[in-house]
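Peer 1: sequence plus the predicted model coming up.
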Amino acid sequence: QVQLVESGGGLVQAGGSLRLSCAASGRTFSNYAMGWFRQAPGKEREFAAAISRSGGSTYYADSVKGRFTISRDNAKNTVDLQMNSLKPEDTALYYCAAGLNYASIRPSSWGSWGQGTQVTVSS
């Protein structure tokens, strides 16, 4: 498995921006698709964005499309999530995940997870 550590969460006003980062270690980073999921209190974990192993393909949930951008740096073993035009409904614990299929939105399809970083958007 690959070990993942997220950073960059915080408190921001609606309309603001945050950039999350995830650092990977333990296995060859470029062998894995990478994804970001989120979980709000009382709700199930949901898919937000994913990127293919090379970074050439990305996939977004409809709820974040046009506002969030996922990117990766295989030389630095990092994957980022740039979040713009944030809304209160984006408030959640955000998780970085590694897997084999970037197009899968099911959390069970992703084998490695970070501990999460909290994003809170105030209205």
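Peer 2: That came through fine.

Peer 1: could you use CA atoms for every contact and neighbour count after this?
Peer 2: Noted.

Peer 1: sec struct for the residue nearest in space to the middle of the chain, please.
Peer 2: Centroid-nearest residue in the chain, with C-alpha atoms, centre = their mean: W36, separated by 2.1 Å. With DSSP: H, G, I helix; E, B strand; the rest coil as the basis, the three-state label of W36 is strand.

Peer 1: isn't it right next to G99, touching?
Peer 2: No. Between W36 and G99 there is no contact under C-alpha atoms under 8 Å: 11.0 Å.

Peer 1: what does the model give G26 for pLDDT?
Peer 2: Looking at G26, its pLDDT stands at 84.

Peer 1: which stretches of the protein have low pLDDT?
Peer 2: Filtered on pLDDT under 70, the chain yields no residues whatsoever.

Peer 1: that one: strands as residue ranges?
Peer 2: Assigned by DSSP state E, the chain shows strands spanning 3-7, 10-13, 18-25, 33-39, 46-51, 58-60, 68-73, 78-83, 92-99, 110-113, 117-122.

Peer 1: great, nothing more from me.
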